[in-house]
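> attaching a predicted model along with its sequence, questions to come.
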Amino acid sequence: MHRNIIYLLLFVVFVQARLGAQEQDIYIKAGQFYDSKNNELLKNKVIRVSGKQIGSIEDFDKLPKNSRVVDLSDYTVLPGLIDAHTHVLFSQDANVDFSEHSVQSLTMERDGLRTLRGAKRAKSYLDVGITSIKDLGNSGLFLDVGLRDAINEGTIEGPRIFASGPIMAATGGQIYGVLPDHQDIIDLEYRIIKGVDDARNAVREHVNQNVDLIKICADNLPNNTRLTVDEIKTIVETAHSYGLTVTAHCVTDASARNAILGGVDGIEHGFNIADSTLALMAQNKVFLVPTENSSAYMDTYVQLAGYKKENTGWIPKYMGNMKKRLIKALDEKVTVVAGSDNYTDIGTTRGESSRDMFRTYFEAGMKPLNILQSATYLSALSLHKEKEIGYLTEGAKADIIAVKGNLTSNFVQTMENVVFVMKEGHIYLDKAQ
């Protein structure tokens, strides 16, 4: 009798396990499939999703009986997109001064409130197919790490976050105009570096807080302070010894060159970078994250900021210079990684604002598939995560999206028409059915 009960229990467990395995596998039929590593579109692929990972990718064939199928035959299937420059815990209106708003946020906005607002912004990235973001400071004392952990454990929904913790910067950080008696406020947002030994210790502090990478400010404009090359070298050497990459905020060409000489892995912005410095970046395999905006975004921004029409003459020249810089970077074979840096409230969700980067790069002359590669495989490569995200391959995380339209002939509108979003095997959006 007891033996029969044991056999029955074993049978029930076996059946449940088989049923669980069947429920776990999802077969996605992709009419067009973007191979981000080789930067090409393929036809008629079937992606088998097993749990949180991709189990296999095959040509169209007969599917197992009673299998769970997501039919995306009429759409283009892509890896989950990556925005490689975000500030999800920071937001300001277009007509507000950055420094004043930063001080107000640090002194009048509780960490809990700031994090909850960040959580709402984070969710909106999934809505537009961005399943991973590189969040680069302006997030208090490691609030980005906490938000990342909450998403990873499933407490809230959002993109995968690669968190830098507080930006490492010279005296004053990027918050200008603060009186000497109140400089301690800046320590709530930036890790101020006070020499080579302190630079080494700062990285150790960040390592202990479990950051994913290190972000520095090679210059602090409009503050005039900047990190020295020796401080940058120490940060880079220490970070690399712990397996972390270092990326540098740079506005001036001199600061970008110092950062490259210091051994950084990437340059963020690089607005005024010289052609010779771009050549040096290519030589040293330093990636560039250009963070400009489209003409439509700029039109909205100047209206919200209250600019008079006669005071907007600088915009065409600015955008022309940014286009030249981007094309020169591509000509020099610099690895370009897609990032938005959109933290201004322009009346849309943060995810929709972030998506403007695709329009921006397209207007600047990048080809559609090259833009896609910058927002997928190359971005993952810069994070040393190319085997996990940004590329649909066996064993990678099941971050899969689909868009409706023709990517090569109608790129911008197609990227704005996301019909399916899956992150780690969980479907967040399905408009295709």
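Happy to help now that I have it. All figures in this text were calculated on a predicted structure; none of them were measured in a lab.
> now do the helices in the stretch 101-250 of the chain.
111-127, 143-152, 196-208, 229-241 (DSSP state H, counting those that start in this stretch).
> does Asp83 count as helix, strand or coil?
With DSSP: H, G, I helix; E, B strand; the rest coil as the basis, Asp83 sits in strand.
> mind listing the residues bridging to it?
Note on Asp83: beta-bridge partners by DSSP bridges are Ile133.
> what sits against it?
125, 130, 132-134, 159, 338-340, 354, 357, 375 (C-beta atoms under 8 Å, 6 or more residues apart in numbering). For the C-beta atoms, the positions are set from N, CA and C on the backbone; glycine is no exception.
> need those residues in a markdown table (columns: pLDDT and distance to Ala282).
Formatted as a markdown table, the contacts of Asp83 follow (pLDDT from 0 to 100; distance: C-beta to C-beta, whole Å):
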| residue | pLDDT | distance to Ala282 |
| --- | --- | --- |
| Tyr125 | 98 | 30 |
| Ile130 | 98 | 27 |
| Ser132 | 98 | 25 |
| Ile133 | 98 | 26 |
| Lys134 | 98 | 21 |
| Pro159 | 98 | 30 |
| Ala338 | 98 | 18 |
| Gly339 | 97 | 19 |
| Ser340 | 97 | 23 |
| Ser354 | 96 | 27 |
| Met357 | 96 | 22 |
| Ala375 | 98 | 20 |
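> ok, back up a step: out of the helices of the stretch 101-250 of the chain, nearest to Ser295?
Among the helices of the stretch 101-250 of the chain, the nearest to Ser295 by C-beta to C-beta is helix 111-127 (22.9 Å).
> what residues does that closest one touch?
Everything outside helix 111-127 that qualifies as a contact, by C-beta under 8 Å, 6+ apart, is 83, 88-89, 91, 105, 131, 133, 139-141, 143-144, 146-147, 150-151, 156-159, 161, 349-352, 354, 418, 421, 423, 428-429.
> hmm, try it at 7 Å
Outside helix 111-127, the residues that touch it by C-beta atoms under 7 Å, 6 or more residues apart in numbering are 83, 88-89, 133, 140, 143, 146-147, 151, 156-159, 349-351, 354, 421, 423, 428-429.
> tell me the SS of Ile267?
strand.
> distance of it relative to Ser294?
Going from Ile267 to Ser294 by C-beta to C-beta, to the nearest Å gives 21 Å.
> and for Asp83?
Using C-beta to C-beta, Asp83 is found at 15 Å from Ser294.
> over to Asp345?
17 Å.
> hey, where'd the helices end up in the stretch 301-433 of the chain?
314-331, 350-354, 356-363, 368-374, 377-382, 411-415.
> now distance to Ala398 too, for the contacts of Asp83, in CSV please.
Below are these laid out as CSV (distance: C-beta to C-beta, whole Å):
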residue, distance to Ala398
Tyr125, 17
Ile130, 16
Ser132, 13
Ile133, 18
Lys134, 20
Pro159, 14
Ala338, 21
Gly339, 24
Ser340, 24
Ser354, 22
Met357, 24
Ala375, 18
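> just to revisit the earlier point, list buried residues within the contacts of helix 111-127.
83, 88-89, 133, 140, 143, 146-147, 151, 158-159, 349-351, 354, 421, 423, 429 (16 or more other C-beta atoms under 10 Å).
> can you tell me how far Lys328 is from Leu381?
21 Å.
> test my guess that Ser36 contacts Thr376.
Yes: the criterion here is C-beta atoms under 7 Å, and Ser36 meets it with Thr376 at 4.1 Å.
> domain map for the chain?
Taking automatic domain parsing as the criterion, the chain consists of the domains 2-79+396-430, 81-354.
> now do Val246 against Thr238, distance only.
Val246 is 9 Å from Thr238, by C-beta to C-beta.
> show me which of those two is the more surrounded one.
Per other C-beta atoms under 10 Å, whichever of Val246 and Thr238 has more neighbours is Val246, with 24 against 20.
> surely that one and Asp212 touch.
No: the criterion here is C-beta under 7 Å, and Val246 misses it with Asp212 at 11.7 Å.
> mind putting the helices of the stretch 301-433 of the chain into a markdown table with distance to Gln24?
A markdown table is the format used below for those (distance: least, C-beta to C-beta, whole Å):
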| stretch | distance to Gln24 |
| --- | --- |
| helix 314-331 | 42 |
| helix 350-354 | 28 |
| helix 356-363 | 33 |
| helix 368-374 | 29 |
| helix 377-382 | 25 |
| helix 411-415 | 30 |
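> so, low pLDDT: which residues of the stretch 301-433 of the chain?
Scanning the stretch 301-433 of the chain with the threshold set as pLDDT under 70 gives 433.
> neighbour count winner among Asp345 and Ser294?
Ser294 (19 against 15).
> pLDDT score for the more buried one?
Note on Ser294: pLDDT of 92.
> residues in contact with Leu143?
89, 111, 114-115, 118.
> in ChimeraX, select just the buried ones from those.
Under the burial definition 16+ other C-beta under 10 Å, those of these that qualify are selected in ChimeraX by:
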select :89,114,115,118
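> ok, the contacts of Leu143 vs Arg226, which is closest?
Leu89 (24.7 Å).
> I'd say the closest one and Phe142 touch.
No: using C-beta under 7 Å, Leu89 is not in contact with Phe142; the gap is 10.3 Å.
> any shared contact partners between Ser36 and Thr376?
Contacts common to Ser36 and Thr376, judged by C-beta under 7 Å, 6+ apart, are 79, 390-391.
> can you select the buried ones from those in PyMOL?
The PyMOL selection below is limited to those of the shared contacts of Ser36 and Thr376 classed as buried (16+ other C-beta under 10 Å):
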select buried, resi 79+390+391
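> out of the shared contacts of Ser36 and Thr376, which comes closest to Val412?
Among the shared contacts of Ser36 and Thr376, and counting by C-beta to C-beta, the member closest to Val412 is Pro79, at 19.0 Å.
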